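Only the shape, not the letters, is given here:
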């Protein structure tokens, strides 16, 4: 954390402090002890906050913003893998597959740069190769700040916000190496995640 400027350290402490006031309500449940939990990039903060109670690892990019987010997430007792499909892709994928067999992997499938709410392949490929289920999660909170200049319209819950997190039933995918089938899985999951109403 030495490489983070003082203003960012203060920002991290403020976010962590505010997060302690969030009132998180869970709809659904996790039916396994490991697997993939996927949610859109714009909703990641309350997701990381809640799932930090579990045995989980988050995938966060190696960017400067990713370094700040990593420190926030670590304060919530979530382990972190740094990387993305663009940076360290194959290495990160191997690590994700091994970890998903033992604990939960937290993935923002449209991150780190979008397009917004468009799923990339990592979630599906990890599920297939690790033979673990996918849980799709959506959050809903009205008291928030929306960063309209960010690519994902990032949402920050205000203090004391009530946050509903909807967890889908576990989704198991039949193993395949057929690229067309994999692309079909990606589109199906993307549509399901966009349709979840918390």
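Right, received. Where do you want to start? Note that this is a predicted model, so its numbers are computed, not measured. Numbering: from 1, shown residues only.

and the longest helix seen in the chain, average pLDDT?
The single longest helix within the chain, with elements called by DSSP state H, is helix 179-195. In this model, helix 179-195 has a mean pLDDT of 97.

What of stretch 33-43?
For stretch 33-43, mean pLDDT is 97.

list the buried ones in that stretch?
34, 35, 36, 37, 38, 39, 40, 41, 42, 43 (16 or more other C-beta atoms under 10 Å). C-beta here means a position set from N, CA and C on the backbone, and glycine is covered the same way.

Mind giving me the packing neighbours of the strand or helix carrying the fourth one?
By that I understand residue 37. Assigned by DSSP states H and E, residue 37 belongs to strand 35-38. The elements that strand 35-38 packs onto, with contact taken as 3 or more C-beta pairs under 8 Å, 6 or more residues apart in numbering; DSSP states H and E, are strand 104-107, helix 122-130, strand 134-140.

can you give me the offset of the second one from its chain's centre?
This means helix 122-130. The gap between the average C-alpha position of helix 122-130 and the chain average comes to 15 Å, counting by C-alpha atoms, centre = their mean, to the nearest Å.

I'd like the numbering to begin with 625 instead of 1 from here.
Got it, the first residue is 625 from now on, which makes the last one we talked about helix 746-754.

elements contacting that helix?
Using 3+ C-beta pairs under 8 Å, 6+ apart: helix 746-754 touches strand 659-662, helix 713-724, strand 728-731, strand 758-764, helix 803-819.

the inter-axis angle of the fourth one versus helix 746-754?
Read that as strand 758-764. With axes from the mean of the first three to the mean of the last three C-alpha atoms, to 10 degrees as the basis, strand 758-764 and helix 746-754 are set at 150 degrees to each other.
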